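Undergrad: model the structure of this input:
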Amino acid sequence: MVVINNPTLVAELTDLYLRYEDALCHNKLDILNELFWNAPEVVRFGITENLYGGDEISKFRATRPDFKIDRQIYNLKVVVLGQDFAAITLEFRRIIDGIERRGRQSQMWFRLPEGWKIVSAHVSLLPI
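TA: You can find the predicted model right below:
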């Protein structure tokens, strides 16, 4: 029987996600690279880019022009399926070029021998 939302794992993944959010907003590249799976199979669909593999994701983060992100997250949902898989979704608000924009983000996390890693991520903005 698959246990859904084991409270201990939900708390662990919530903490990991908040660590990710802090690293994202403050451009802590070492932590961002640590939390993403470094494999050719990992995918990150961003607002303006499609990235395939750990190398592409890492290169993008190291060279992105808007490296400091100030955003407010809400509706953070952590759903843990079994012991080794989780889906994390949220919505966010950001000011871009003086305009408040709303967006959404989803991440799939998997527990590998080296720990929990993001194996797929998607970020998008809602139309104005």
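
Undergrad: the closest residue in space to L16 that isn't next to it in sequence: what secondary structure?
TA: In space, and not counting its chain neighbours, L16 is closest to W116: 5.7 Å by CB to CB, 6 or more residues apart in numbering. All C-beta atoms are positioned from the backbone trio N, CA, C, and that covers glycine. Under DSSP: H, G, I helix; E, B strand; the rest coil, W116 falls in the strand class.

Undergrad: surely F36 touches R44?
TA: Yes - applying CB atoms under 8 Å as the test, F36 and R44 come out as touching, 7.4 Å apart.

Undergrad: what do these two both touch?
TA: With contacts defined as CB atoms under 8 Å, 6 or more residues apart in numbering, the residues shared by F36 and R44 are 57, 121.

Undergrad: then the strand or helix carrying K59 to CSV, C-alphas only?
TA: Per DSSP states H and E: K59 is located in helix 54-63. In CSV, the C-alpha atoms belonging to helix 54-63 read as follows (Å, rounded to 0.1, in the frame of the first residue of the first chain):
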residue,chain,number,x,y,z
GLY,A,54,21.9,19.2,-15.7
ASP,A,55,24.6,20.9,-17.7
GLU,A,56,22.2,23.1,-19.6
ILE,A,57,20.3,24.0,-16.4
SER,A,58,23.6,24.9,-14.6
LYS,A,59,24.9,27.0,-17.5
PHE,A,60,21.6,28.9,-17.7
ARG,A,61,21.6,29.7,-14.0
ALA,A,62,25.2,30.9,-14.1
THR,A,63,24.5,33.3,-17.0
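
Undergrad: just give me the longest helix of this structure.
TA: helix 7-25 (DSSP state H).

Undergrad: which other helices and strands contact whatever helix or strand comes next after it?
TA: Under the assignment DSSP H and E, the closest C-terminal helix or strand after helix 7-25 is helix 29-35. When contacts are defined as 3 or more CB pairs under 8 Å, 6 or more residues apart in numbering; DSSP states H and E, helix 29-35 sits against helix 7-25, helix 54-63, strand 115-125.
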